[in-house]
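[1] Could you work out the structure for the sequence below:
(chains A and B)
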Amino acid sequence: MNPPSTLPLAARHAGRRQHMSDTRIVQLFVLPTMILLILMNILPLIYSLYLSFTRFSVISDVPPEWVGIQNYITILNDQRFWNNFAITGRYALVSVTFQTLFGFGLALLLRSKFRGSGLVTTLILVPMMLSPIVVAVFWKLIFNPSVGILNYLLGFTDINTSPEWLGQPDLALWAVIIVDVWMWSPFVMLLALAGLSAIPDYLYEAAAIDRAGAWFQFRRITLPQVMPLLLIAVLFRTIEAFKQFDLVMGLTGGGPGDITETVSIRLYKLAFQGQYDTGMSSALAYIILVIIIAVSNLYIRQLNKARGA
Amino acid sequence: MFKKQLFAMLVLALTLSISAVSAQGVTELTIWWAQWAPADFLQQIGNDYEAETGIKVTVVQTPWGDYYNRVGTEWAAKGSSFDMVVGDSQWVGQAVTQGHYVEMTEFMVSRGIDKTVTPATLQYYGEYPARSGRYYAYPTEGDANGWAYRKDLFEDPEEMAAFEAAYGYALGVPETWDQLRDIAEFFTRPDEGLYGVAVYTQDDYDAITMGFENVFFSYGADWADENFNTLGVVNSPEAVAALELYAELYSFAPPGTNDAFFQEMNDVFMNGQAAMIMNYFAFFPVLASDQNPYQNSTGYFSMPAGPNGERYAALGGQGISINNYISDERKQASFDFIEWFAQEDVQRRWAELGGYTCNIAVLESPEFLEIAPFNAAFAETMTFVKDFFNIPEFGRLLESAQRNLATYVVAGQGTAQEALDAMAEEMDAILAEAGYVE
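    Below is the predicted model:
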């Protein structure tokens, strides 16, 4: 029989705390986050994966009916879904390309400090700080053929020949791209600026001593040095472009017809807006997820290559 | 013997008092509706109810674009955030088959409430299945599409002479769709910033379909036959002609109305861009207010006739239903409110505030016809209304209609025949999958 401890209770507890290992403390700190993550993310993810193999509407009393991979087959055999993917791909490619060009161009211009450069940089960053829906509403007015300023600035003063940016099938997607580029080029600029400011000056000094031209310096020093951060910006923007919803919904709602109906808009219409086809929309969500993971992997490989080089 | 009878009566009274559901303890009621003027009027009616009974009524409003989604989400959660919902006519089938609405047949029939409202509104807002005699909503806001026009233009002697010279008949309120088309063409003068007509084009919920329905039904077309066949019905020659006309009307519309619904209709009218606009009657009060610079020269008319003289207007409006997921006490309190609301004097007050009553006696009264300048056209319109599908699959059917109509009318892609062929096939597939057709 052990003799009773003569230490006060507080001292005994303090002794226990002293014996708590670092790993234990780390686990205790991480545990609440892990529990939240499992409850809020992992479990719904698994449940939606199950629902993607069922016929189910969340607002009906009928329980999910197992249909195997039928939802996936339906989606992949439906020409309209492929059209949605094509629109999304076109949108993502053009939008991210222009954002990269404009963003990187702006970063190069703002790289050297000048009087008021901080203010200019801040002002350029304003669009990406706005709510996409607010941006959409503003641009809807700007695009308006009767009262919008864009047509006026472009020189279309005759309302009979003015383009209807959001109503013409050949212009609607371009209109969305213009707004997206306006809004998110500053994001690319921000990351590119960070990359540019990290390039050591001695590289340029050495190149200057070797009489290297500006183009050579850009190609051999600036671009390779800034490439990892630029690729990260492109990766983020591509993922966002594939998921793009609010801006398109606010500007065109996917219309006219389905001219600007990206997969996210289609997903929304399928999951909500009168249809509530939860099974099918879950399957579509997983297809989008797989595509985004695949595209992201391609970028990450390029990123690793750029880092290795 | 007397003691035995008394005892039996006491037992019966005690049993009834325990089993009968009373609304005791309910001090407030919540009604969900879309965000628009009639919901404000209903709040005022609710305030009257509170003054009379002590039960507070709150009308929670949600913007139209999000309204269905919000209610749908609540249904999905079997939630009790609202006691009553003023639901769209198209929702009835879905809400009934999925168990979201409380059946009101016994309540409506036993109190004679079903006889107080117009048959069309009872059928479209409250009955499911069609012609079953089973009711799930009390017709609350009767509404349909009508027209507003600029009388100053229509009655201008110079305009009248020029029109007659050009078209061979007198300028006036159009009696046929062909006349409406001619007038729209006549007043389309981009150089003056004036356009002949504005029509619904928005494709996010049901706007373009509702706008098109006015022409579609009047041309003798329909969404399906009595056996739910859409092939050869939705894409009939009459339907094609109707769609071609609707697209032509859009060509006479002000620029920038490619995504237009009720707000945009009133906007282009009040800023002088359109000579005629279609809109739900519920949105006309603003045109009769001093917000409209043409307030004193704005006239109203009901739908013109199709080639065979048929007249139809797309039905709007909603009925009030009781949430199935609330307690029995709250259901009873909701029934009590509806019974009070359905009284003729309350309906008269509802009409005075600006609500579109479905009460026959109020609608037929001379006072109602004179309350607002558009009420006569409204009362006439409510005799020839027609609606979209109200079966549970209406959402998918509506999405097909919206997309195909907008693709042809707004985007200008393909032909009317191609748009309707695609729509008929898609609708047939949806109805076949749901078991309505083989």
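[2] is it true that residue A:127 touches residue A:183?
    Yes. Using CB atoms under 8 Å, residue A:127 makes contact with residue A:183 at a distance of 4.6 Å. Glycine gets a C-beta too; all of them are placed from N, C-alpha and C.
[3] Mutual contacts of the two, please.
    Residues touching both residue A:127 and residue A:183 (CB atoms under 8 Å, 6 or more residues apart in numbering or on different chains) are residue A:135.
[4] quick one, which of those two is more surrounded?
    For residue A:127 and residue A:183, the more surrounded residue by other CB atoms under 10 Å in any protein chain shown is residue A:183, and the numbers stand at 21 against 16.
[5] Secondary structure class of the closest residue to chain A within the stretch 151-300 of chain B, three-state.
    Per CB to the nearest CB, residue B:258 is where the stretch 151-300 of chain B lies closest to chain A, at 2.9 Å. Here residue B:258 is recorded as coil under DSSP: H, G, I helix; E, B strand; the rest coil.
[6] Need the nearest residue in space to it, chain neighbours excluded.
    residue A:167 (2.9 Å; CB to CB, 6 or more residues apart in numbering or on different chains).
[7] Next: residue A:117.
    residue A:110 (6.0 Å).
[8] same deal with residue B:169?
    residue B:179 (7.7 Å).
[9] where's that neighbour relative to residue B:80, distance?
    52 Å (CB to CB, to the nearest Å).
[10] Pick out whichever of the two has more residues nearby.
    Between residue B:179 and residue B:80, residue B:179 has the larger neighbour count (other CB under 10 Å), namely 17 against 14.
[11] What strand or helix carries that one?
    Residue B:179 belongs to helix B:177-186 when elements are defined using DSSP states H and E.
[12] Show me what that helix is packed up against.
    The contact analysis (3 or more CB pairs under 8 Å, 6 or more residues apart in numbering or on different chains; DSSP states H and E) places helix B:177-186 against helix B:157-167, strand B:195-198, helix B:237-251, strand B:274-280.
[13] and if we set it to 6 Å?
    strand B:195-198 (3 or more CB pairs under 6 Å, 6 or more residues apart in numbering or on different chains; DSSP states H and E).
[14] picking that back up, what residues sit buried inside the helix holding residue B:179?
    Residues B:177, B:179-186 are the ones in helix B:177-186 that count as buried (16 or more other CB atoms under 10 Å in any protein chain shown).
[15] now do stretch B:414-430
    When burial is assessed from 16+ other CB under 10 Å, stretch B:414-430 yields the following buried residues: B:416, B:419-428, B:430.
[16] what does stretch A:190-198 give?
    For stretch A:190-198, the neighbour count (16+ other CB under 10 Å) marks A:190-193, A:195-196 as buried.
[17] Among those, which one lies nearest to chain B?
    Nearest to chain B among those: residue A:190, at 33.1 Å, using CB to the nearest CB.
[18] For the closest residue to chain B within the stretch 51-200 of chain A, give me its contacts.
    Closest to chain B within the stretch 51-200 of chain A is residue A:167: 2.9 Å, counting by CB to the nearest CB. Contacts for residue A:167 (CB atoms under 6 Å, 6 or more residues apart in numbering or on different chains) come out as A:256, B:258, B:410.
[19] I'd say the last one and residue A:253 touch.
    Which is residue B:410. No. Contact status for residue B:410 versus residue A:253: not in contact, 11.3 Å apart, counting by CB atoms under 6 Å.
[20] Which one's more surrounded, these two?
    Taking other CB under 10 Å, residue B:410 and residue A:253 do not tie; residue B:410 has more neighbours (28 against 24).
[21] Could you tell me the phi and psi values at the residue lying closest to the more buried one once chain neighbours are set aside?
    In space, and not counting its chain neighbours, residue B:410 is closest to residue A:256: 3.9 Å by CB to CB, 6+ apart. Backbone torsions for residue A:256, taken as degrees, to the nearest 10, come to phi -70, psi 140.
[22] got it, and residue B:60?
    Torsion angles, degrees, to the nearest 10, at residue B:60: phi -90, psi 130.
[23] Can you tell me how far it is from chain A?
    19 Å (CB to the nearest CB, to the nearest Å).
[24] same thing with residue B:351?
    Residue B:351 sits 31 Å away from chain A, going by CB to the nearest CB.
[25] For that residue, give me its contacts.
    Taking CB under 6 Å, 6+ apart as the criterion, residue B:351 is in contact with B:357, B:362, B:368.
[26] Check which helix or strand it maps to.
    Taking DSSP H and E as the criterion, residue B:351 maps to helix B:344-353.
[27] Backbone dihedrals for the closest residue to residue B:117 other than its chain neighbours, both of them.
    Using CB to CB, 6+ apart and skipping residues adjacent in sequence, the residue nearest residue B:117 is residue B:358, 4.3 Å away. Dihedral angles of residue B:358 (phi, psi; degrees, to the nearest 10) stand at phi -110, psi 10.
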